[in-house]
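Peer 1: sequence first, predicted model second:
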Number of protein chains: 2
Amino acid sequence: MEVVRKNFKEAMPLIEESINKADFFSIDTEFTGLINGRDVSMFDTPGDYYTRLLSGSAEFMLIQFGLCAFYWDKEKKQYMNDAYNFFLFPRARPGPDRMFLCQSSSLDFLAANGFDFNKLIREGISYLPEPVETRLRETLQERQSTYSREKDSIRIPEENKPHVEEVCKRVATFIKESKEDEMEIDKCNAFVRLLLFQELRNRFKDDIIVDTKVLENKTRVLKVIRRTEDMGDPEAIRKQREWDDLEEAVGFSKVARMISASRKLVVGHNMLLDILHTLGHFFQQPPYDYALFKEFVTCMFPKLLDTKYMSSSPPFKDKLSSSVLNELLTSLSQKPFSLPKVGSLEGRGYSQLDDKQHEAGYDAYMTGLCFLAMLAHRRGRHARCDDSLPALQPYLNKLFLAKTARQDSPYINLVGDDPTPPRDHVFHMIFPKDWQRSDINQLFSPFGAITVQFIDEISAFVALDRRDQAADVLRVLAGNTRVQLTPFEKHRRCSSSESEMAPQRSDWPKADTYKLMKTTSDAKSRQVVNNRPVVSNLPAAPQLPQKVSRVSSAPVTPPPAPGVAKKRSSSGVFEVDELEPVAKKIDVKTPQKQSKVVNGGQQEASSKSKHNKTDKKSQSDDKTKPKDEKIKIVEKFDSEAKSNCVSAFKESDLWD
Amino acid sequence: MEVVRKNFKEAMPLIEESINKADFFSIDTEFTGLINGRDVSMFDTPGDYYTRLLSGSAEFMLIQFGLCAFYWDKEKKQYMNDAYNFFLFPRARPGPDRMFLCQSSSLDFLAANGFDFNKLIREGISYLPEPVETRLRETLQERQSTYSREKDSIRIPEENKPHVEEVCKRVATFIKESKEDEMEIDKCNAFVRLLLFQELRNRFKDDIIVDTKVLENKTRVLKVIRRTEDMGDPEAIRKQREWDDLEEAVGFSKVARMISASRKLVVGHNMLLDILHTLGHFFQQPPYDYALFKEFVTCMFPKLLDTKYMSSSPPFKDKLSSSVLNELLTSLSQKPFSLPKVGSLEGRGYSQLDDKQHEAGYDAYMTGLCFLAMLAHRRGRHARCDDSLPALQPYLNKLFLAKTARQDSPYINLVGDDPTPPRDHVFHMIFPKDWQRSDINQLFSPFGAITVQFIDEISAFVALDRRDQAADVLRVLAGNTRVQLTPFEKHRRCSSSESEMAPQRSDWPKADTYKLMKTTSDAKSRQVVNNRPVVSNLPAAPQLPQKVSRVSSAPVTPPPAPGVAKKRSSSGVFEVDELEPVAKKIDVKTPQKQSKVVNGGQQEASSKSKHNKTDKKSQSDDKTKPKDEKIKIVEKFDSEAKSNCVSAFKESDLWD
């Protein structure tokens, strides 16, 4: 089912019903870009991978969300699917006028796969992260409280007086003589509209209601409505409409929060970016601290399963030739696998006959089929899924890391320690600019085969196939004057300094930034960082609901499950206990002013953080640089253009 | 005529012909956003206005360019128009994968006015600024020189060997047995493609050509082409195709440079942003230094005319009720004005019957009509336009400043001094948070009427109608403990510090950044700023054409007019003599590393710049802040939401 702005409100009860009856969901999302700035390297640790992906993806927009709810049909003894393909476009008014990044290759790719950008922009459903929603609610509440005190405070400039008088005359005529119920005032600029709004309400308060109307081409005009007895209080009507507008602006975020609140299993394919965008756009920006991020994810989505991880793990790894979604589905439809029968009610779900690849809803549906096929293979039969099944446990809460998977670092473990593959056999190397790949091969030929990842024209990572040769390499090549070799870990400690991993856009709206929150309800404590308003307090925790002002809010989200009250607010907001140590990274990277928002106790705790490495920053960089050359970092590694390098980590299928 | 990627090449001769025969052009452009960050204030100087607009608009993309060429039909004694509406979308490969900003309200507005985003992304013509083009040409040149030295440098990993062998076997069969000319290799990932490319070329060099092919859904596959005698050297074919791809990436920039090289009159409506985007996307990013910007514009476009400025000036100002483009056109079709007869050849131009408002080509056409109508009014008759006409001179090379026009600062004078309206009657004021507009009125009531521009909840600019009261205001309100009043100029000097006006995105691709250039041709002198490659040398000036390597470049741009060689390169690049002082602002704002690119002499000159104010920065800011409150800067001034403020400067028609 395609959901856009015009059918969103009527679809909400259906969506809620689907979420309630589902055993599990599969999801997929589309964005306006993948990565801005330096990409992940193929030897990165899961933590570094996460941080780089987060800082490189936060400014892109989520534009399509596919949700497929799988529910069990007891009679047919099979799964049914309710599928939704949401077009999402965050709108200005009453929300903030969003600035977001696009990556030309990503838009190109989406367009080539049939993505309808006109539908997106004309009909996309709005959404807001939680802190912005809260701020808007507070602001509206405050503003509405002044309506009764409003005075006609704007003096009409001399030059506008004739026009205002002329319109007033026409309205007087309309009131007395016309038989119409409404009258539209000719288009005029915003200032004149404001003058007229004020003047007309003032003069004809008892006879008319003055309203603004947005024409199809986005022009705003004034509308004068004849007042009748049954109309009720115009101020109340105006207030109600403002709350309705706000609810529309929150839009899809409600669906995301319903999924979160259900605490059910959510399945995705290569889902790390989907999760980052889902959290950042509908909840709040994930924290840069990696441990805190894990806690945040498991709090919001306690059961995640990544089918790309599952299909790349035993026993599937050796039985499947590809983990690209559509190829995986094809493999899983053949022996020794079989796809489940999955039906749907008329117009409510997909069938395999729909071939709508790269439509988020259909990709979510395919992901769900792959999951069920693999699960059935482990259990020996197709049957109802229960996420406590032992067969599922090895795959739960592990997010696939496509770009480091070939280097023994295939996943993030959300509920435990990550794999820590050794990097003793990997070196950072600086070499003369005229060197080709063959020169590097030549240099390393005494030590066996190598894997090379070029960073730029004069540096690369080199990994030995024969790991036992690492010590020899260092010993033998130490005296080579043409190259500079640094063990990977040493290079990482020095050059992947925190400042480099930090988000670099100092002017990006800070309202969306993840912030550690305390359950204060002091509406006046908003702070300004970098000339932009930042919300430092979020909606009160469930303990203090009376302090949250939501006059017209009708939350669709059910209350949180018992036992998690300290971590989840009623609207799905993640809250951190004051006792928890604050991420060092947040302090280091954010501008000076922001640290004032964090209280002293937290700052103290932070200084004990293990991430405190700023003092060592870039020491070895200086040492290893040749005197006469500057390092050039290649932004995007172009495997087509530079044929003399290994580009496994840029495989096009890694993002599928 | 709509021009998209598929008809661009064939349209080029027509476009060139139109440019050559035209008396003048009118242009219009559409962007992905208007302003990021703080907007212009209504009391800004032209220089501040320029700097803020430049830094707030540089990251948006230009997506449609309307060009209307007006040429004289001697027989009919009337103008004819050739009009082009170009859809523009910068593509990755071989150009950089562009990251650009969108503003949700702008996309919303364009969509509401019928803009076709699917056509944009699927069929838009690419473009590149000059420095990026130069770098790509150099890189390609360098890379192609290594082709003959290329070795099979990639070891085939064990796991890939069976697949590679299997494909080689199939290709061998194809060579011997098939009757087809081509064979496609099944989809595989980029790394395997690279291995196959290398292995197939190696084994079957004499029988086949191996090529890559991009399928409709952007998947890349390998294509094996049977080699025939008439095929020529495959390496030469490959090289030629790479140059062709580069020419396609330069795309629309060639048209812009042809317009520039023609040195003819270019007419636009409210054209400052059009000019900024045109320069930044097709030439190079305009300099932050205001004087240098004026020089840059007049060098690239020596004759500009802004119809919004013209219609807002005598004698038109008092005869026209609106300067919004379509309303202006309506007014100019009525007495005492009259529109010219403008014809067009079948399919080559617009007529007034086409109502395609907000299509850049049609807006350009309307702009041209408005210009001709106003010109005819001044001359008393419709006749051929000559830009040396005395009637035109008052309007030439002045760009309208919409947001300060009501405050006596209506234009940038590109060829002389700007208006310097007094601001003695304007004050920056900080007031208690609970104040309404009426409180401010009350405070100033002894001094007559005022104009207020709110900055945020606790500060505003206040302008007196009775300018002679300024000294009294200061004297009387100095002792008021509830407000802090600062004369506008003083506030401006202190708070509009350079750091605030500077571009804030430290991670934005610096390759597009305006840089002062010297005509060095040392291809190795590229520098790295912020981990991004920057081109510090541009194509050689006409004096040194032999040093520019453009193997496959067929410049469509005619050579520059005599006498301007030092300012324009053959491809339309602006160059600054070494003796000219360097903009102080560039030194101050760009990261430390960048100053190394500028030579010592220039740095010395820069310290004499009049903009050297960093030492005074924010002094008074600290003084004027109330102790217990932080200043909140409202990003966007929302006239609808905050009815107690004057919002003339946000008039919706100001951008039309």
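Peer 2: All right, it came through fine.

Peer 1: centroid-wise, who is the farthest residue in chain A?
Peer 2: A:Glu177 (56.0 Å; CA atoms, centre = their mean).

Peer 1: quick check, pLDDT for it.
Peer 2: Among the per-residue scores, A:Glu177 shows a pLDDT of 84.

Peer 1: longest strand anywhere in chain A?
Peer 2: In chain A, taking DSSP state E as the definition, the longest strand is strand A:62-73.

Peer 1: and that strand, what other elements does it pack with?
Peer 2: helix A:5-21, strand A:24-31, strand A:78-87, helix A:253-262, helix A:272-282, helix A:360-379 (3 or more CB pairs under 8 Å, 6 or more residues apart in numbering or on different chains; DSSP states H and E). In this view, the C-beta of every residue, glycine as well, is placed from N, C-alpha and C.

Peer 1: export the ones you listed as a markdown table, with columns for distance to A:Arg122, mean pLDDT and mean neighbour count.
Peer 2: Shown next, in a markdown table, are those (distance: least, CB to CB, whole Å; pLDDT from 0 to 100; neighbours: other CB atoms under 10 Å in any protein chain shown):
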| stretch | distance to A:Arg122 | mean pLDDT | mean neighbour count |
| --- | --- | --- | --- |
| helix A:5-21 | 8 | 97 | 16 |
| strand A:24-31 | 17 | 97 | 26 |
| strand A:78-87 | 9 | 97 | 23 |
| helix A:253-262 | 20 | 98 | 23 |
| helix A:272-282 | 20 | 97 | 24 |
| helix A:360-379 | 18 | 96 | 24 |
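
Peer 1: specify the local secondary structure of A:Asp206.
Peer 2: Using DSSP: H, G, I helix; E, B strand; the rest coil, the secondary structure recorded for A:Asp206 is coil.

Peer 1: is it in contact with A:Arg226, as I believe?
Peer 2: No: at 11.2 Å, A:Asp206 does not count as touching A:Arg226 under the criterion of CB atoms under 8 Å.

Peer 1: low-confidence ranges, the stretch 401-550 of chain A, go.
Peer 2: Within the stretch 401-550 of chain A, the stretches with pLDDT under 70 are A:496-550.

Peer 1: try 50
Peer 2: Low-confidence segments of the stretch 401-550 of chain A (pLDDT under 50): A:498-550.

Peer 1: which parts of it are strands?
Peer 2: A:411-413, A:426-430, A:450-454, A:459-464, A:484-487, A:527-529, A:532-534 (DSSP state E, counting those that start in this stretch).

Peer 1: quick one, which of those strands is packed in tightest?
Peer 2: Using mean count of other CB atoms under 10 Å in any protein chain shown, the stretch among the strands of the stretch 401-550 of chain A with the greatest mean number of neighbours is strand A:426-430 (a mean of 24).

Peer 1: report the angle between it and strand A:450-454.
Peer 2: Computed by axes from the mean of the first three to the mean of the last three CA atoms, to 10 degrees, the angle separating strand A:426-430 from strand A:450-454 equals 50 degrees.

Peer 1: packing partners of strand A:426-430?
Peer 2: Looks like strand A:426-430 contacts strand A:459-464, strand A:484-487, helix A:488-495 (3+ CB pairs under 8 Å, 6+ apart).

Peer 1: would you give the sheet partners of it, along with the direction of each?
Peer 2: strand A:459-464 (antiparallel), strand A:484-487 (antiparallel) (DSSP bridges).

Peer 1: to A:Phe25, which of the ones you listed lies closest?
Peer 2: Each of the strands paired with strand A:426-430 has some distance to A:Phe25 by CB to CB; the shortest is strand A:459-464, at 38.4 Å.

Peer 1: now do the closest one: distance to the chain's middle.
Peer 2: Computed by CA atoms, centre = their mean, to the nearest Å, the chain-centroid distance of strand A:459-464 equals 33 Å.

Peer 1: which residues sit against it?
Peer 2: The contact list for strand A:459-464 (CB atoms under 8 Å, 6 or more residues apart in numbering or on different chains) reads A:41-43, A:407, A:425-431, A:440, A:444, A:447-455, A:470, A:473, A:488, A:631, A:645.
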